[in-house]
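A.B. asks: Okay, here's the prediction I keep looking at, along with the sequence it came from:
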Amino acid sequence: MAPADVLIVGAGQAGAQTALSLRLGGHAGSILMVGDEPDAPYERPPLSKDYLAGERDAARLYLRPAGFWAERNIALQTHAHVVSIDATAHTATLETGETIAYRALVWAAGGHPRPLPLPGATLAGVHMLRTRADADRLRAELADAIRVCVIGGGYIGLEAAAVLAKAGRPVTVLEVQDRVLARMSAEPISRHIEAQHRAHGVDVRTGVTITAVEGREGRVMGVALGDGTLVPADIVIAGIGLLPNQAVLTAAGAECGNGVLVDEFCRTSLPDIYAIGDCANHPNAYAGGMRVRLESVQNAIDQAKTVASVLLGTPQPYRALPWFWSNQYDLKLQTVGLNHGYDDTVLRGDPATGSFSLIYLRAGRVVALDTINALRDFNAGKKLVELGACPDRAALADLTVPLKSLAEPS
Ligand code: FAD
């Protein structure tokens, strides 16, 4: 195959943005984006939201219209899985045995769902939700199913639960921690979200022990719990986290941990190889310089812009403010900043009104906000986090004081 000036592995959110930013920045060399899915780059967030609900068709998932990539002279090869990289020779090899030479390689390979570590995990009717194909399989099977059991009270599981409960299905959510979203948010957010699900008829069970997925004739029939009960289910959706796709880079000799280790310019430990998006483990200024691996559209896009800046010869370090959103029922959860190591929280507003924010502080500084149906707080919160503001706690809690008035540098 013809050599590529820039070879992008992974035609997802981060890969697509890299190609786009390179062309926008005037990159004249060849760009080849290879991805192992059948699709051109598309958005994943709708897969657990309106696409799962059948309210958005497949054509509206794509990041750009058909023809867009070719028009910009960005070669896109789908169904193409990279199996190895020779960092010294600057070549990548596909499953078909084809070898592609590159000047620079951007590893934007995302991750795969953590497998369910349970007997029965591979029974028919047990689903994960990462790709459009996953969502299509789930939607097809839902046509003949009634009861749904979601394993894992993280964003994806909760969003899927919301869609299916809204459609009138009996849904159970099983969470082994004592509350949903335990890894991401503090208790008031978890409890509010649990209450919303219960109000919509979802049976949310926290602090459970899950022992097996039970089946009959190769098909799931329920989920067995440690207390001897069986949660009956025709469909199980497992959302218990993501593992970064890094095996190829590890084998190539790149330093990896929980993700491919990169510096603030998204450079791996291998020459001319970069890693971005869900698979990249990077030092983040908003986590006090600690290494993190973020799974968000914002991070994928902003790291792509960083790597493009490096390849364009105008390197800009990755300093983007992290933010994230989740939609469940009429509830819009928006998060800004990273709450790692927070030592205090301030509740702003009354959860009973359906609109409130939780502000996370570390040594008096605002490090993150979870806002629920509170767009104004989210926008003002961006400034507070960016500035590392240290406002008075009472003022943060006082709804008569606009948050933006507290965004003063300290
Ligand atoms: P991906 O988009 O996963 O792209 C990686 C691509 O690389 C994939 O197509 C993969 O198949 C391919 N690939 C992997 N290995 C190889 C290989 N060896 N060779 C070739 N190709 C390879 N984020 C938000 O901010 N808000 C949300 O509301 C939200 N909702 C989500 C809902 C769901 C159901 C999911 C799954 C994710 C959601 N996310 C959300 C997360 C967001 O979609 C990801 O953070 C984002 O897609 C990461 O982009 P990426 O390019 O790093 O990875």
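C.D. replies: Arrived safely, thanks for sending. Because the structure is a prediction, the values reported are computed rather than measured.
A.B. asks: Could you show which parts of the stretch 201-350 of the chain are in contact with the ligand?
C.D. replies: Residues of the stretch 201-350 of the chain lying close to the ligand (CB under 6 Å from any ligand atom) are 245, 248, 277, 278, 295, 296, 297, 298, 300, 324, 325, 326. For glycine as for every other residue, the C-beta is placed from the backbone atoms N, C-alpha and C.
A.B. asks: Let's see that with 8 Å instead.
C.D. replies: 242, 245, 248, 276-280, 294-300, 304, 323-327 (CB under 8 Å from any ligand atom).
A.B. asks: Next secondary structure element downstream of the longest helix along the chain?
C.D. replies: Assignment by DSSP state H gives helix 297-311 as the longest helix of the chain. Counting by DSSP states H and E, the next helix or strand C-terminal to helix 297-311 is strand 323-328.
A.B. asks: wait, is residue 195 part of a helix?
C.D. replies: Yes - counting by DSSP: H, G, I helix; E, B strand; the rest coil, residue 195 is located in a helix.
A.B. asks: what pLDDT does the residue nearest to residue 329 when sequence neighbours are not counted get?
C.D. replies: Spatial nearest neighbour of residue 329, chain neighbours left out: residue 162 (5.2 Å); criterion: CB to CB, 6 or more residues apart in numbering. Note on residue 162: pLDDT of 98.
A.B. asks: Using the three-state scheme, assign residue 162.
C.D. replies: Using three-state DSSP, the secondary structure recorded for residue 162 is helix.
A.B. asks: Ok, residue 174 next?
C.D. replies: Taking three-state DSSP, the label given to residue 174 is strand.
A.B. asks: Surely it and residue 223 touch.
C.D. replies: Yes - applying CB atoms under 8 Å, one finds residue 174 in contact with residue 223, separated by 6.4 Å.
A.B. asks: any idea how far the residue nearest the centre of the chain lies from residue 125?
C.D. replies: Centrality entry for the chain: nearest residue to the mean C-alpha point is residue 295, 3.4 Å, by CA atoms, centre = their mean. Using CB to CB, to the nearest Å, one gets 26 Å for the distance from residue 295 to residue 125.
A.B. asks: ditto for residue 6
C.D. replies: Residue 6 is 42 Å from residue 125, by CB to CB.
A.B. asks: Residue 385 now?
C.D. replies: Distance from residue 385 to residue 125, by CB to CB: 42 Å.
A.B. asks: likewise residue 390?
C.D. replies: 52 Å.
A.B. asks: what do you get for residue 187?
C.D. replies: 33 Å.
A.B. asks: Who has more neighbours out of those two?
C.D. replies: A count of neighbours by other CB atoms under 10 Å puts residue 125 above the other of residue 187 and residue 125, at 22 against 13.
A.B. asks: Correct me if wrong: the more buried one contacts residue 232.
C.D. replies: No - with contact defined as CB under 8 Å, residue 125 does not reach residue 232; the gap is 11.9 Å.
A.B. asks: Tell me which residue in the stretch 151-300 of the chain sits closest to the ligand.
C.D. replies: residue 277 (2.2 Å; CB to the nearest ligand atom).
A.B. asks: quick one: that residue and residue 110 touch, right?
C.D. replies: Yes - between residue 277 and residue 110 a contact is recorded at 6.1 Å, counting by CB under 8 Å.
A.B. asks: Next, show the common contact partners of those two.
C.D. replies: Taking CB atoms under 8 Å, 6 or more residues apart in numbering as the contact rule, residue 277 and residue 110 both touch 10, 12, 14.
A.B. asks: Please, where are all the helices along the protein?
C.D. replies: For the chain, the helices defined by DSSP H occupy 13-24, 68-71, 132-142, 155-166, 187-199, 247-252, 297-311, 375-387, 393-397.
A.B. asks: Flag the shaky bits of the stretch 251-400 of the chain, pLDDT-wise.
C.D. replies: Of all residues in the stretch 251-400 of the chain, none has pLDDT under 70.
A.B. asks: Run a quick neighbour tally on residue 305.
C.D. replies: For residue 305, using other CB under 10 Å, the count is 21.
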